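1. Give me the fold of what follows.
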Amino acid sequence: MTRVYLVVLFLCLGLICPLVTGIFMDKLASKKLCADDDCVYTISLARAEEDYNASDCRFINIKKGQLIYVYSKLVKEKDSGEFWAGSVYGEQYEDHMGTVGYFPSSLVSEQHVYQEANKTVPTTVRNLQKA
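-> Below you'll find the model as predicted:
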């Protein structure tokens, strides 16, 4: 009987509380350059020349002097910035390690190229479930 009351309570709360919807964000680009079809291999290592504070959840914060593994480079479209996707590297930034996000390519300099980004991949979300 208690379960029924809990279910009714949750349903009532759901009707009272407004529905939460996502915020629409403009797409940064339609295509990206990667070293492989899944964009999982590191293209290069870059060093931040300036600090950058992320503008939304798609981006990562970087600090001047910080090293970043680069996994993909967005293909620049008209009226858009040029962004790369990468992950922070280094012991002093442990709280950010493993976080992958975009950052402006103009704020970094490539230190070492591991492999060429010669695969053009669409930036659309893929269905990862196997049929």
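2. what pairs with residue 73 across the strands?
-> Beta-bridge partners for residue 73, by DSSP bridges, are residue 33, residue 84.
3. quick one, strands of the chain?
-> Applying DSSP state E to the chain gives strands spanning 31-34, 44-48, 67-74, 83-89, 100-104, 108-113, 119-122.
4. In the chain, where is pLDDT below threshold?
-> Within the chain, the segments meeting pLDDT under 70 span 1-25, 80, 90-98, 125-131.
5. rerun that using 90 as the cut-off
-> For the chain, residues meeting the criterion pLDDT under 90 lie at 1-30, 38-40, 55-58, 76-82, 88-100, 123-131.
6. Tell me which of the strands of the chain sits nearest to residue 57.
-> Among the strands of the chain, strand 100-104 comes nearest to residue 57, with 7.9 Å by C-beta to C-beta. C-beta coordinates here come from the backbone N, C-alpha and C atoms, glycine included.
7. Other residues contacting that closest one?
-> The contact list for strand 100-104 (C-beta atoms under 8 Å, 6 or more residues apart in numbering) reads 28, 48, 52, 54, 57-60, 62, 68, 71, 74, 81-87.
8. In that strand, which residues are buried?
-> Across strand 100-104, burial judged by 16 or more other C-beta atoms under 10 Å covers 101, 102, 103.
9. Quick check: bridge partners of the last one?
-> Beta bridges link residue 103 to residue 84, judged by DSSP bridges.
10. I'd like the distance between it and residue 37.
-> Separation of residue 103 from residue 37 (C-beta to C-beta, to the nearest Å): 23 Å.
11. List the contacts of residue 77.
-> 29, 30.
12. Restrict the contacts of strand 100-104 to the buried ones and give me that as a ChimeraX selection.
-> One line in ChimeraX is enough to select the buried ones among the contacts of strand 100-104; burial here means 16+ other C-beta under 10 Å:
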select :28,48,52,59,60,62,68,71,74,83,84,85,86,87
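13. Would you map the helices across the protein?
-> Using DSSP state H, the helices of the chain run over 2-16.
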